[in-house]
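Visitor: how would this look folded up:
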Amino acid sequence: MNDSTWTWISGSDKVNEPGVYGTRRESSSRNVPGARNGAVGWYDSEKQQYWLFGGHGYATNSTVGA
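Guide: Down below sits the predicted model:
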């Protein structure tokens, strides 16, 4: 694989999909952010963390702006 190849890892591939946020302060592999428009994301390989910033999208049951 090279830098120009994308791989789908997880989460929904549906438009307007609400997020699954689980219980506060408890991690879960089932937690995923809602669909977003205009957000920026990046992966910190040193800390093995994915960061998602801003955008307009979906909470668990409604549309929210960030």
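Visitor: do you know how far Ser27 is from Gln48?
Guide: According to CB to CB, to the nearest Å, Ser27 stands 13 Å off from Gln48. Heads up, the C-betas are built off the backbone N, CA and C, glycines and all.
Visitor: just Asn37 next, same as before
Guide: Asn37 sits 27 Å away from Gln48, taking CB to CB as the criterion.
Visitor: who has more neighbours, the two?
Guide: When Asn37 is set against Gln48 and neighbours are counted by other CB atoms under 10 Å, the residue ahead is Asn37, at 10 against 7.
Visitor: contacting residues for that one?
Guide: Taking CB atoms under 8 Å, 6 or more residues apart in numbering as the criterion, Asn37 is in contact with 55-57.
Visitor: what would those residues look like in JSON lines with secondary structure and pLDDT?
Guide: Below are these laid out as JSON lines (DSSP: H, G, I helix; E, B strand; the rest coil; pLDDT from 0 to 100):
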{"residue": "Gly55", "secondary structure": "coil", "pLDDT": "78"}
{"residue": "His56", "secondary structure": "strand", "pLDDT": "77"}
{"residue": "Gly57", "secondary structure": "strand", "pLDDT": "74"}
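Visitor: just the buried subset of these, written out for ChimeraX, thanks.
Guide: In ChimeraX, the members of the contacts of Asn37 classed as buried (16 or more other CB atoms under 10 Å) are selected with the following command:
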select :55,57
